[in-house]
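Novice: got a predicted structure here, sequence first:
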Amino acid sequence: MEYSDHRLVSLSEQLLYTVKIQSETGDLLYTLQKIQQGDLLASLKTDQEKLVFWINLYNAFYQIIRKEELVDKKDIYKARIINIAGHQFSLDDIEHGILRKYRYKYSLGYLSNPFTKKMIKDLAVDELDWRIHFALNCGAKSCPPIAFYRLRTIDAQLEMATSSFLTDETTVDKANKSVKVTALFKWFKNDFGGREGIKQILTNYLGTDLSQYRIEYADYSWDDDLNNFTV
């Protein structure tokens with residue numbers, strides 16, 4: 001089957017919507033499994049197509065795995081039970097392998113993973129877009145909410161997600177010249193360009209010059225918050 005006219009990208013949105021309304025996903029999951037590897041690679045040529053497809057799938061499969069699969073919560077990211085084009089992927093494969101261009105998960109974004117499989121490398125984005133960190137939902141209270149990403153509006157949507165999340169999750173203390181930010185900035189520091197890059201991002205999105213401010217990191221709540229959709 002050939003997936004022209006972005007039908008494969010639309011499939012990811014359809015799956016996420018089906019998850020949201022808590023309807024049966026079996027047919028859609030079967031379709032994803034039966035995609036030919038060549039069609040998967042050929043249909044996701046641009047970074048925009050890759051972002052939409054994999055962000056939607058990540059957010060959909062997190063919900064599916066937590067609700068339907070017998071996977072311990074601590075193992076949910078590394079369990080390779082996501083079948084796409086006959087290959088078994090994990091949430092970590094999607095986030096750190098494909099969307100972060102095979103960065104090693106625990107290196108603060110400074111190191112590539114030398115053990116990345118060829119399939120992951122072939123599917124990975126050409127350039128890491130740090131805004132994905134404000135689009136991926138891990139079912140916890142401190143995670144960004146789930147949106148339906150679409151090809152024609154992906155850039156504007158990522159901008160909106162970033163702006164909204166940073167506005168809600170950042171506290172600026174002008175008296176003490178400090179700014180408290182999401183722990184995502186700490187865990188993936190180099191994705192954002194290091195400390196100076198983080199300050200520049202905050203300055204751009206919050207409209208306040210924070211270049212001379214001290215950065216502090218807020219505690220991250222891992223309490224469950226499933227079904228946190230924006231609309």
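Specialist: Cool, got the structure.
Novice: CA atoms for contacts and neighbours, from now on please.
Specialist: OK.
Novice: which residues touch K73?
Specialist: R66 (Cα atoms under 8 Å, 6 or more residues apart in numbering).
Novice: distance of it relative to Y104?
Specialist: 21 Å (Cα to Cα, to the nearest Å).
Novice: what does R214 give?
Specialist: 27 Å.
Novice: equivalent analysis for L91, please.
Specialist: In terms of Cα to Cα, L91 sits 14 Å off from Y104.
Novice: of the two, which one has the most company?
Specialist: L91 (23 against 19; other Cα atoms under 10 Å).
Novice: element containing the residue nearest to the more buried one when sequence neighbours are not counted, please.
Specialist: Leaving aside its sequence neighbours, L91 sits nearest to Y77 (Cα to Cα, 6 or more residues apart in numbering; 4.8 Å). Counting by DSSP states H and E, no helix or strand carries Y77.
Novice: got a list of what Y77 touches?
Specialist: Contact analysis of Y77 by Cα under 8 Å, 6+ apart lists 90-92.
Novice: which residues touch stretch 185-200?
Specialist: So stretch 185-200 is contacted by 106-110, 128, 130, 201, 210-211, 217 (Cα under 8 Å, 6+ apart).
Novice: how far does it sit from the chain's center?
Specialist: Between the centre of stretch 185-200 and the centre of its chain there are 17 Å (Cα atoms, centre = their mean, to the nearest Å).
Novice: swap in stretch 7-24?
Specialist: 16 Å.
Novice: may I have that stretch as PDB, with CA atoms only?
Specialist: Extracted in PDB, the C-alpha atoms of stretch 7-24 (Å, rounded to 0.1, in the frame of the first residue of the first chain):
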ATOM      1  CA  ARG A   7      -2.300   9.800   4.600                       C
ATOM      2  CA  LEU A   8       0.200   8.100   6.900                       C
ATOM      3  CA  VAL A   9       0.600  11.400   8.800                       C
ATOM      4  CA  SER A  10      -3.200  11.600   9.000                       C
ATOM      5  CA  LEU A  11      -3.300   8.100  10.400                       C
ATOM      6  CA  SER A  12      -1.300   9.200  13.500                       C
ATOM      7  CA  GLU A  13      -3.900  12.000  14.200                       C
ATOM      8  CA  GLN A  14      -6.700   9.500  13.700                       C
ATOM      9  CA  LEU A  15      -5.200   7.100  16.200                       C
ATOM     10  CA  LEU A  16      -4.700   9.900  18.800                       C
ATOM     11  CA  TYR A  17      -8.300  11.000  18.300                       C
ATOM     12  CA  THR A  18      -9.600   7.500  18.700                       C
ATOM     13  CA  VAL A  19      -7.600   7.200  22.000                       C
ATOM     14  CA  LYS A  20      -9.100  10.500  23.200                       C
ATOM     15  CA  ILE A  21     -12.700   9.400  22.700                       C
ATOM     16  CA  GLN A  22     -11.800   6.000  24.200                       C
ATOM     17  CA  SER A  23     -13.000   4.100  21.100                       C
ATOM     18  CA  GLU A  24     -11.600   0.800  19.700                       C
END
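Novice: quick one: secondary structure of the residue of the chain most remote from its centre?
Specialist: Relative to the average C-alpha location in the chain, and by Cα atoms, centre = their mean, no residue lies farther out than A175, which sits at 34.4 Å. With DSSP: H, G, I helix; E, B strand; the rest coil as the basis, A175 sits in coil.
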